[in-house]
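Colleague: fold the following for me, if possible:
(3 chains)
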Amino acid sequence: MPVARPETSDSRIIAHVDMDCFYVQVEQRKQPHLRGQPTAVVQYNSWKGGGLIAVGYEARKDGVKRSMRGDEAKKVCPQIQLVQVPVARGKADLTIYRNAGSEVVSILARKGRCERASIDEVYLDLTEAAETMLKETPIESLESIDEEVLKSHVLGLCLNGKDDKEIVREWLTRRDADHRDKLLACGAFIVAELRLQVLQETEFTCSAGIAHNKMLAKLASGMNKPAQQTIVTLSSVKGLLEPLPIKKMKQLGGKLGSSLQTDLGVNTVGDLLQFSEEKLQDIYGANTGTWLWNIARGISGDEVEGRLLPKSHGSGKTFPGVRALKTLASVEKWLKELCEELSERLQLDLETNKRVAHTLTLHANAYKSTDTDSHKKFPSKSCPLRYGAGKILEDSVKLFQAGLREFLGSYMNPVSGGWGITNLSVSASKIVAAPSGTSSITRYFHGQDRFHTSSEPSDEKFKLEDDKLSPLRTENHSASHQTECGGEQPQVTHDTSSFDRYETTCKDEATEGCLTLQNHEPKPRLPEKEKNINDEKPSYGQKRKATKEKGTSSILRFLQTNSCSSSNQETKCLSSGLQEALDVENESLIESQNNRRASQWRYNIDEIDQSVVEELPPEIQDEVRTWLRPQKQANTVKRGSNIAHYFSPQK
DNA sequence: ACGGTTTGGACC
DNA sequence: TGGTCCAAA
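Modeller: Numbers count the residues shown, from 1 in each chain, chains lettered A, B, ... in the order given. Reported below is the predicted structural model:
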């Protein structure tokens, strides 16, 4: 978070792309009759009309705000269209928004390094692309310029409201401009082009900030919305930051920002300038102190991570107030729903991205109605993750029981009540690329649910002390383990009848409507280009298409000739043949992987998969071992073997 | 008792 | 490390 990173003279070109009221746009694309109407996305319509989680711009004009209830919104704007978030398994299901986000990412990732920052935000490092453009395309030759670029907001540039576009054009093409401003101008072209592609291919609008670092780009992307872009020039930084309320800065919206205000009287970023680095370090520690000192000056060396896929998957739900869960049975019922969703998403990730998760974590919030004095938090617990909804549930229940016992202490009897769960979530993390040649394993994981019930005595890794939990057993659960003695463990024997029903229903309806990066990644790039030129989207493209075609041939050319170039030096060194093989091999592996990650991967193989192997059917075990061992050697000895592809930065 | 649900990152 | 806490959207 606030981690200091030096880097003063920063000539990178960084863009932050932010989708406009994203959930609303997704719903409006799904139901076109909502277009142009005041719309908001709401969840849990039951109470007070539900809570608004996204508000369209038409509705905002009428005074509808996020953090309003559906009912309030109706009051302010009677014509408002309230769309509910999809519900699956009794909880909000964000799948369609995640998938829509992936569509966007796959487009934005065509240029430079791309980091998926959230479901609807992306950072791009366009430094190389901008430099190339500057080198190969003399700025003064860009006389015909995209409408979209001309609509850019250039901070620090004085407009008169009349010749705005001409003034922007002049700035963009100034021959005597600062080198870094020229690069920004190139970045603006590239981003405008990307935003147009996003619009044409997804029908979504977005806004963007173009600056020399992530912090400033993020700041700028929100300054002119919707569907606009803002450039942070060198000369504008000081004037931009000085009057800016401290809370507007990325990491200062919380307690740190409050502390700055109340403890130091710092209300604007400019106020921060008064404090020496040492002083700030004294108060907030070396890292945070330096970080604060830097951001006050617009300095932030934060790198754009090349990451298109999430690092974890989670599924959770809150049970506020009286809805708190008070029995183990109800907790298990909800854990089952959560684990099903998680498992489904893990399967999908495995199939489409060839990734496997290694850690399962359970989080919960709870209260004790008895003693309000001990404010003990419900501890989160984790264990190795085993694939299959049944296993995940089984382990989650154990994790919960362990946490509950710790939470209550050894005095209280869990069955006697006195406690309530207000939040429950399961998540999967430590996700790494699965090796190639795992098709049969994928199949195995895929069908695992059908072959196994939850009751085999697996899992030595996971042990609980028993005793205090025994009273927890309900009719359905004769739980528990012996700990130390390590004797046979009468695993939790879930009521298998309900389990079987469960196992058979959870197969995979998943794959149906699931858009993933790969599915949208233009299969080959060739048809893509044609599409850009020829495809017309009458309802949507507004008039941009026409202007682009005749106005920016040079830009088009630029974009096309570079569309396959790699942003990574190492990759460039590979022969084209190898590169191609690598592309095929990693077709669905979006993330670029560096060497640091390679060693991490090797570690994981040795450490974890060994135990997994024993759970596999014999014939598959053989296959696993064939790539398990040689791989290790190939890794340390020579590169270029099959598996080395996974360590090569690609794309 | 809350907008709810998801993510990511830092610290120890 | 795992677990806790923070922050953001």
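
Colleague: checking A:Cys383 next. Helix, strand or coil?
Modeller: strand (DSSP: H, G, I helix; E, B strand; the rest coil).

Colleague: buried stuff in the helix or strand in which A:Gly403 is found?
Modeller: A:Gly403 is part of helix A:389-408 when elements are defined by DSSP states H and E. Buried residues in helix A:389-408, defined by neighbour count with 16 or more other C-beta atoms under 10 Å: A:389-405, A:407-408. In this view, the C-beta of every residue, glycine as well, is placed from N, C-alpha and C.

Colleague: tell me the helices and strands packed up against that helix.
Modeller: Judged by 3 or more C-beta pairs under 8 Å, 6 or more residues apart in numbering; DSSP states H and E, the packing partners of helix A:389-408 are helix A:328-353, strand A:355-368, strand A:381-384, strand A:419-433, helix A:496-505.

Colleague: what's the angle between the fourth one and helix A:389-408?
Modeller: Compare the direction of strand A:419-433 with that of helix A:389-408 by axes from the mean of the first three to the mean of the last three C-alpha atoms, to 10 degrees and you get 130 degrees.

Colleague: continuing past the helix or strand hosting A:Ala129, what's the next helix or strand?
Modeller: Element membership of A:Ala129 [criterion: DSSP H and E] is helix A:127-136. Next along the chain after helix A:127-136, taking DSSP H and E as the criterion, comes helix A:147-150.

Colleague: interface residues of chain A facing DNA strand C?
Modeller: A:1, A:118, A:120-121, A:218, A:249-257, A:359, A:361, A:377, A:379-382 (C-beta under 7 Å from any atom of the strand).

Colleague: show the buried residues in these.
Modeller: By 16+ other C-beta under 10 Å, those give A:120-121, A:218, A:249, A:252, A:256-257, A:361, A:379, A:381-382 as buried.

Colleague: A:Val83: what's it in contact with?
Modeller: A:24, A:27, A:31, A:34, A:39-42 (C-beta atoms under 8 Å, 6 or more residues apart in numbering).

Colleague: now with 6 Å?
Modeller: Taking C-beta atoms under 6 Å, 6 or more residues apart in numbering as the contact definition, A:Val83 lies against A:27, A:41.

Colleague: same check, this time on the one 10 residues further on
Modeller: With C-beta under 6 Å, 6+ apart as the criterion, the residues that contact A:Asp93 are A:Pro86.

Colleague: among the buried ones among the residues of chain A next to DNA strand C, which ones are in strands?
Modeller: A:121, A:361, A:381-382 (DSSP state E).

Colleague: which of the residues you listed lies closest to A:Thr173?
Modeller: A:Glu121 (30.0 Å; C-beta to C-beta).

Colleague: with adjacent residues omitted, what lies nearest to the closest one?
Modeller: A:Asp18 (5.2 Å; C-beta to C-beta, 6 or more residues apart in numbering).

Colleague: okay, how far is it across stretch A:113-123, tip to tip?
Modeller: 8 Å (C-alpha to C-alpha, to the nearest Å).

Colleague: likewise for stretch A:33-40?
Modeller: Using C-alpha to C-alpha, the two ends of stretch A:33-40 sit 14 Å apart.

Colleague: possible to save the helices and strands packed on helix A:389-408 as a markdown table with distance to A:Ser300 and mean pLDDT?
Modeller: A markdown table is the format used below for the helices and strands packed on helix A:389-408 (distance: least, C-beta to C-beta, whole Å; pLDDT from 0 to 100):
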| stretch | distance to A:Ser300 | mean pLDDT |
| --- | --- | --- |
| helix A:328-353 | 30 | 94 |
| strand A:355-368 | 30 | 93 |
| strand A:381-384 | 32 | 94 |
| strand A:419-433 | 27 | 93 |
| helix A:496-505 | 48 | 28 |
